[in-house]
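*Asks:* Dropping a prediction and its sequence here:
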Amino acid sequence: MKPIWRKVVLVGRHILGWLFIVLGILGLFLPILQGILFLCIGVLLLADDIPPFKRLIHKVESRWPRTRGPLETARRWMGLRPQAEAECPPGKDQR
C-alpha cells in the first residue's frame, strides 16, 4: 500500500474507532443502543495504535482464553493484523 493510503486508512480507522466508543458510551445510558458491543468494536479498532486498549485486549485474552478465536476472527474481518501469541505489552508481567 502506498504511504498516503496508509495514513488515510489510519485516520479513517481512528475516526471510526472513536465514533464507536462514543456510541458505546451513549449506548450504556440509552436503551436502544448496544453499548458494550460498540465499545468492544471501538477498542478493537484502536488497539493497534493506543497502548491502553492493546493492554485491555491482552488482559481479556489472558483472562478468558476462549475469546482469542473470536477476537482474531474479528480482527481479520476488519482487516487488522493478527496479534502475536506471545506478545505481552511493555510494563506488564506474564501471569
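*Replies:* Good, I have the coordinates.
*Asks:* Now do the top helix by length along the chain: distance to the chain's middle.
*Replies:* If each helix of the chain is counted by residues according to DSSP state H, the longest one is helix 3-29. Distance, stretch centre to chain centre, for helix 3-29: 10 Å (CA atoms, centre = their mean, to the nearest Å).
*Asks:* Would you mark the buried spots in the helix or strand following it?
*Replies:* Of the helices and strands lying after helix 3-29 in sequence (DSSP states H and E), the nearest is helix 35-46. Across helix 35-46, burial judged by 16 or more other CB atoms under 10 Å covers 35, 38-46. Bear in mind the C-beta positions are built from the backbone N, C-alpha and C, glycine included.
*Asks:* Report the distance from helix 35-46 to the chain centre.
*Replies:* 6 Å.
*Asks:* relative to helix 35-46, how tilted is whichever helix or strand comes after that helix?
*Replies:* Next along the chain after helix 35-46, taking DSSP H and E as the criterion, comes helix 51-63. Orientation check (axes from the mean of the first three to the mean of the last three CA atoms, to 10 degrees): helix 51-63 against helix 35-46 gives 110 degrees.
*Asks:* Make JSON lines out of the buried residues of helix 35-46 and add pLDDT and distance to residue 65.
*Replies:* As requested, these are exported to JSON lines (pLDDT from 0 to 100; distance: CB to CB, whole Å):
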{"residue": "35", "pLDDT": "89", "distance to residue 65": "25"}
{"residue": "38", "pLDDT": "92", "distance to residue 65": "24"}
{"residue": "39", "pLDDT": "92", "distance to residue 65": "21"}
{"residue": "40", "pLDDT": "89", "distance to residue 65": "17"}
{"residue": "41", "pLDDT": "90", "distance to residue 65": "21"}
{"residue": "42", "pLDDT": "93", "distance to residue 65": "23"}
{"residue": "43", "pLDDT": "92", "distance to residue 65": "18"}
{"residue": "44", "pLDDT": "90", "distance to residue 65": "17"}
{"residue": "45", "pLDDT": "90", "distance to residue 65": "22"}
{"residue": "46", "pLDDT": "91", "distance to residue 65": "23"}
